[in-house]
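Novice: just need the structure, nothing else, for what follows:
(chains A and B)
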Number of protein chains: 2
Amino acid sequence: MMNNLTPLEPKADKATVRRHNLSLVLRAVHDAGEATRAGVATHVGLTRAAVSSLVEQLLEYGFVSEWGKTSSGQAGRPGTVLKVSRSGPAGLGVEVNIDYIAVCVVDLAGTDRVRLVEHIDNRGVQPSEALARAARLAARALGSAAEQDLAPAGAHIALPGLVTGGTVRQAPNLGWQRVAVEGLFAQALLALRPAHRPLPVSSDNEANAAALAELWFGAGTEGVRSFLYLTGEIGIGGALVLGGELLRGAHGFAGEIGHMVVDPEGPLCRCGAHGCLEQYAGQAALLTAAGIDADAGGAQGVAELGRRARRGEPSVLSAIERAGRQLGVVVSGAVNLFDPEAVMLGGVYRELMDWLAPAVDRELARRVVSGLWSEDGKRLRAASSLGDAARGAAGVIVREVLADPAAYAERDAG
Amino acid sequence: MMNNLTPLEPKADKATVRRHNLSLVLRAVHDAGEATRAGVATHVGLTRAAVSSLVEQLLEYGFVSEWGKTSSGQAGRPGTVLKVSRSGPAGLGVEVNIDYIAVCVVDLAGTDRVRLVEHIDNRGVQPSEALARAARLAARALGSAAEQDLAPAGAHIALPGLVTGGTVRQAPNLGWQRVAVEGLFAQALLALRPAHRPLPVSSDNEANAAALAELWFGAGTEGVRSFLYLTGEIGIGGALVLGGELLRGAHGFAGEIGHMVVDPEGPLCRCGAHGCLEQYAGQAALLTAAGIDADAGGAQGVAELGRRARRGEPSVLSAIERAGRQLGVVVSGAVNLFDPEAVMLGGVYRELMDWLAPAVDRELARRVVSGLWSEDGKRLRAASSLGDAARGAAGVIVREVLADPAAYAERDAG
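Specialist: Alright, predicted model coming up:
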């Protein structure tokens, strides 16, 4: 309602304006997929001459490339088609989760160019050792990226815990407390690649990264701008996207849906409280309820659960249905509080949608006071298969490059 | 992270720029309380000459007034002190709640200049009749405002329900469904004041309006920018403020904390679901649990509850404690999801803080995974006494005037 406190007389110096506009033009090409200089000029509201000069610099930096002429179908002279470059700047995403590590290199256009996953149990492993493993996987991914002429501008690490200021404050399911993840990872990567320039490292919660992947590469591309994202893993991570922005909260700890309460007198949770949702609808709880050994290895356990559900084993179906009901009660509360357009179920839940979704939908239809969730059953969705935390983490770096290409080019030249 | 898509070359025409800057200068004076032209120029980044010209227009419109010279303590020539005007533009706020109607006129400086409250049970009353009552109270308030040379620029109505597009979609505790509140109120007010120009009417949920009052006139003025607001009335309303902005959700229905679930098998709620928080910690549930007749009249019932609690009646104290525990479990979930700086308890809860807060605090300390809520007990607060929905509603109108004073002046002249 209230406008911000910026006067409409820019006092920014010329270099700052040019830097800003360079990003503006690059993002216009990025968002359009392909565009002519004239098209960009119209879209961003700059003169054709200004855009041409900015495009020259982007070509020189290697951020965009030219792809022949447009067809004569369009008005005016045919223009040269511009696309963002498929080589050069990229993002490296790293996900250190409870039973796997994933790394991902994404190019400027948002395409997954390298992806490596290692299934490994990180519980009870020293944080420095787990991050050294992640660094080894990252070094391999960087090698593959270099072979494809890609040069990640930074690494972003996603972890299942409360992450702030480069540190995991706590990750109950990993058993980590106050771990300086960025420093440990950067150190390990530097030791593996002593001849390379150090990569800037940043970090975030894994559900946040997965939700951003969904926004940038999944449902967000179909126009879903506000959603609640749940990632069913050993724990249950959550994230909230509202109007295309991740909701971080006052201290960066928003989205902890796994610790919303099903029953205050329920079983003890790793967080120290009783009756949290994780204890009813987390992966371990689901497997145990279905009579599958939860410690035997997460991925196999979930595959086994899916197989038995497909065979229609009644005890398995009723375990999933019960978890779905409890998930549905808590998710309904979150929907009443946040009023999103959609709820996305990721991680383990993706595999179990057929049996889980009906129970969750029933609670949503019954409990969401706006009544909007009974009108169509399309609001509860499986997360896109593209929407994983490592890809979202790589996307964070790509967005940083797009937001200030000059900074990347200067660092690259320096 | 990503900047918006506006180029730093404003193409806005001169009139638009002037209009924007007029608001900028008015808000600078408003926010500072008192300011000189030179001070404003420094603050907003415009030239002294530009600010002087804008101030002339604001003086002419009657939005600001001059108050003598600054003392010689400051550098440079003493300047004339400017303050926002105490007469002229104002906001009219109207709260139609379940057991009362309140109206409020707030001036540009944010001071409450007229306030009228009528205790009356609106349940089972036709919406048109309830809104006609509200219009009668509003007409009296407008009369008092005129005697003080105040001319509200519009009326904003706050109601306990889902409000969107000028319509109450549903207000379960009033028993309203699809009521065009703005039109009905405007019609009733026009009938009472046929000689006056019609006031523009807008509307919102009452907890939203109360939270905005807290932001603009209460805790927000002490720097609390992110909070969860609960208003304990017959129902339990809720609102979320994050970084100084009200979170509205995808359809405008965010904040419905009263329908988060305590026990899925619990008592039937007015919303049609079972076991909602309202059924445990709403005003009626609290009174009933304490053995007080909930139908006897809300205000008296709550006063009686407070008296008995002060006398230390064990059954009353344990009823409040139980409600506090259940409130605490649900609020902890909301805090885990949203990560606010503070939780404000308004309405009935303000009166019962001494007995309610310890139980809520205990659950917060136990259940908020960040651990931040055990470190200090100052995060759970009684809402400011100023923070009521009618005042917030009036504030919405004042903010609209501050955001575009020229529009108001033109309409006033037209």
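Novice: ok and the residue in the stretch 51-200 of chain A nearest chain B?
Specialist: With C-beta to the nearest C-beta, the shortest gap between the stretch 51-200 of chain A and chain B falls at residue A:162, namely 5.8 Å. C-betas here are computed from N, CA, C, even on glycine.
Novice: that residue contacts residue A:171, doesn't it?
Specialist: Yes: with contacts counted by C-beta atoms under 8 Å, residue A:162 reaches residue A:171, the gap being 7.4 Å.
Novice: which of those two has more neighbours?
Specialist: residue A:171 (25 against 22; other C-beta atoms under 10 Å in any protein chain shown).
Novice: was I right to think the more buried one contacts residue A:157?
Specialist: No: with contact defined as C-beta under 8 Å, residue A:171 does not count as touching residue A:157 (11.9 Å).
Novice: over to the residue of the stretch 151-300 of chain A found nearest chain B: give its phi and psi.
Specialist: Residue nearest to chain B within the stretch 151-300 of chain A: residue A:249 (2.5 Å; C-beta to the nearest C-beta). Per-residue torsions, residue A:249: phi 80, psi 180 (degrees, to the nearest 10).
Novice: so what does the residue nearest to it when sequence neighbours are not counted look like in phi/psi?
Specialist: Counting by C-beta to C-beta, 6 or more residues apart in numbering or on different chains, residue B:339 is the residue found nearest to residue A:249 once chain neighbours are left out, at 2.5 Å. As for residue B:339, its main-chain torsions (degrees, to the nearest 10) stand at phi 50, psi 60.
Novice: you'd agree residue B:339 is up against residue A:250?
Specialist: Yes: using C-beta under 8 Å, residue B:339 is in contact with residue A:250, at 5.5 Å.
Novice: buried ones in stretch A:94-113, by neighbour count?
Specialist: Using 16 or more other C-beta atoms under 10 Å in any protein chain shown as the test for burial, stretch A:94-113 gives A:94-108, A:110, A:112-113.
Novice: for the closest residue to residue A:62 other than its chain neighbours, give the beta-bridge partners.
Specialist: Spatial nearest neighbour of residue A:62, chain neighbours left out: residue A:88 (4.3 Å); criterion: C-beta to C-beta, 6+ apart. Residue A:88 has these beta-bridge partners by DSSP bridges: residue A:150.
Novice: lowest-confidence helix or strand of chain A?
Specialist: Using mean pLDDT, DSSP states H and E, helix A:372-375 stands out as the lowest-scoring helix or strand of chain A, at a mean of 76.
Novice: confidence score at the residue nearest to residue A:289 when sequence neighbours are not counted?
Specialist: For residue A:289, ignoring the flanking residues on the chain, the nearest one in space by C-beta to C-beta, 6+ apart is residue A:319 at 3.8 Å. At residue A:319, the pLDDT value in this model is 94.
Novice: am I right that residue A:319 sits in a strand?
Specialist: No: using DSSP: H, G, I helix; E, B strand; the rest coil, the assignment for residue A:319 is helix, not a strand.
Novice: quick one: pLDDT of the nearest residue to the residue of the stretch 51-200 of chain A closest to chain B once chain neighbours are set aside?
Specialist: In space, and not counting its chain neighbours, residue A:162 is closest to residue A:169: 4.2 Å by C-beta to C-beta, 6+ apart. As summarised for this prediction, residue A:169 has a pLDDT of 91.
Novice: residues contacting residue A:169?
Specialist: A:161-163, A:177-178, A:253, B:370-371 (C-beta atoms under 8 Å, 6 or more residues apart in numbering or on different chains).
Novice: do the same with residue A:182
Specialist: Per C-beta under 8 Å, 6+ apart, neighbours of residue A:182: A:157, A:166-167, A:201-203.
Novice: which stretch of helix or strand covers it?
Specialist: Taking DSSP states H and E as the criterion, residue A:182 maps to helix A:181-192.
Novice: cool, residue A:370 as well?
Specialist: Going by DSSP H and E, residue A:370 is not in any helix or strand.
Novice: one more: residue A:31?
Specialist: helix A:14-32.
Novice: tell me the mean pLDDT over that helix?
Specialist: Across helix A:14-32, pLDDT averages out at 91.
Novice: same check, this time on stretch A:93-103
Specialist: 93.
Novice: again with stretch A:206-216
Specialist: Stretch A:206-216 comes out at a mean pLDDT of 95.
Novice: buried stuff in it?
Specialist: Neighbour-count burial for stretch A:206-216 flags A:206-216 (criterion: 16+ other C-beta under 10 Å).
Novice: which other residues reach that stretch?
Specialist: A:93, A:95, A:97, A:110, A:156, A:158-160, A:220, A:225, A:227, A:229-231, A:237-241, A:244, A:246, A:248, A:255, A:344, A:346-347, A:383-384, A:386-393, A:395-396, A:399.
Novice: looking at those residues, which are in helices?
Specialist: Counting by DSSP state H, these place A:389-393, A:395-396, A:399 in helices.
Novice: out of the residues you listed, flag the one nearest to chain B.
Specialist: residue A:399 (5.8 Å).
Novice: all strands of the stretch 251-400 of chain A, in order?
Specialist: A:342-347, A:380-382 (DSSP state E, counting those that start in this stretch).
Novice: deepest-packed of the ones you listed, please.
Specialist: Of all the strands of the stretch 251-400 of chain A, strand A:342-347 has the most neighbours on average by mean count of other C-beta atoms under 10 Å in any protein chain shown, namely a mean of 25.
Novice: who does it touch, helix- and strand-wise?
Specialist: Where contact means 3 or more C-beta pairs under 8 Å, 6 or more residues apart in numbering or on different chains; DSSP states H and E, strand A:342-347 is packed against helix A:206-217, strand A:227-232, helix A:353-367, strand A:380-382.
Novice: report the rounded mean pLDDT for it.
Specialist: pLDDT averaged over strand A:342-347 gives 93.
Novice: partners of it, with directions?
Specialist: Applying DSSP bridges, one finds strand A:342-347 paired with strand A:227-232 (parallel), strand A:380-382 (parallel).
Novice: just the C-alphas of it, formatted as CSV.
Specialist: Extracted C-alpha coordinates of strand A:342-347, given in CSV (Å, rounded to 0.1, in the frame of the first residue of the first chain):
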residue,chain,number,x,y,z
ALA,A,342,-0.9,-25.2,-3.3
VAL,A,343,0.9,-27.7,-1.1
MET,A,344,3.8,-29.6,-2.6
LEU,A,345,4.8,-33.0,-1.2
GLY,A,346,8.5,-33.8,-1.9
GLY,A,347,11.0,-36.5,-0.9
